[in-house]
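1. Fold the stuff below for me.
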Amino acid sequence: MTFKVHSEKDAPPDAKNALKKVSDSYGFQPNIMGIFAEAPPLLDAYVTLGRMLEKTSLSPAERYIVMLTASSENDCEYCVAADSAGAKKENVPDDVVSAIRDGRTIADSRLEAFRQYARDLMKNRGRVSDDVKNDFLKAGYGPQQALEIVLGIGMKTLSNYTSRLSHTPLDSEFRDTAWRNGQEAA
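-> Got it, this is the predicted structure:
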């Protein structure tokens with residue numbers, strides 16, 4: 001099966017407006033968005049979930065920790081690169097991003113407790129061990145943040161699965177943050 005990276009010019013009519021908004025927002029159209037356009041409701045869902053994630057109580061660093069954790073756990077090379085570029089744009093500390101990309105512990109214990117919670121939630125399909133949950137709570141997080149992590153994982157599941165299914169080509173804008181199977185790309 002072959003997937004087309006649509007542009008505003010050749011996208012299905014229901015996707016054209018969303019692609020224009022994405023291009024205006026990002027300054028370019030990421031390839032994953034062009035692939036989403038084949039199924040306009042999928043494009044709309046991803047964009048809407050992204051807007052909803054920005055409205056959560058999570059800081060930019062926490063949002064990117066969820067996204068990078070999901071993308072790396074799902075072994076999505078495209079999304080790790082894109083999320084790393086987004087994290088850089090949002091001034092997420094480089095050591096936080098590189099720790100997730102490299103599978104290392106985040107030095108900030110609060111953010112590491114957050115990452116472990118997101119990772120455990122994903123790996124165990126919604127079940128979180130008591131130790132991980134206790135560390136999350138001790139770090140000052142609660143039910144609201146636990147549910148907001150679910151939102152982030154849901155959003156990233158859409159892009160991770162789509163990218164893996166379609167073999168989304170990496171945008172030139174993300175080449176500096178390329179990633180391959182837990183390693184910096186060559």
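2. any low-confidence regions in this structure?
-> 182-186 (pLDDT under 70).
3. May I ask you to confirm that Pro93 is in contact with Ala61?
-> Yes - with contact defined as CB atoms under 8 Å, Pro93 reaches Ala61; the gap is 7.0 Å. Using the backbone N, CA and C atoms, a C-beta is placed for each residue, glycine as well.
4. Those two - which one has more neighbours?
-> Ala61 (18 against 14; other CB atoms under 10 Å).
5. How about the contacts made by that one?
-> By CB atoms under 8 Å, 6 or more residues apart in numbering, the residues touching Ala61 are 87, 90, 92-93, 96, 111.
6. and the longest helix seen in the chain, what does it pack onto?
-> The helix that spans the most residues within the chain, counting by DSSP state H, is helix 143-166. With contacts defined as 3 or more CB pairs under 8 Å, 6 or more residues apart in numbering; DSSP states H and E, the packing partners of helix 143-166 are helix 31-36, helix 40-54, helix 60-73, helix 77-89, helix 109-123.
7. After that helix, which helix or strand is next?
-> Following helix 143-166 in sequence order, the next helix or strand is strand 179-180 (DSSP states H and E).
8. Noted, bye for now.
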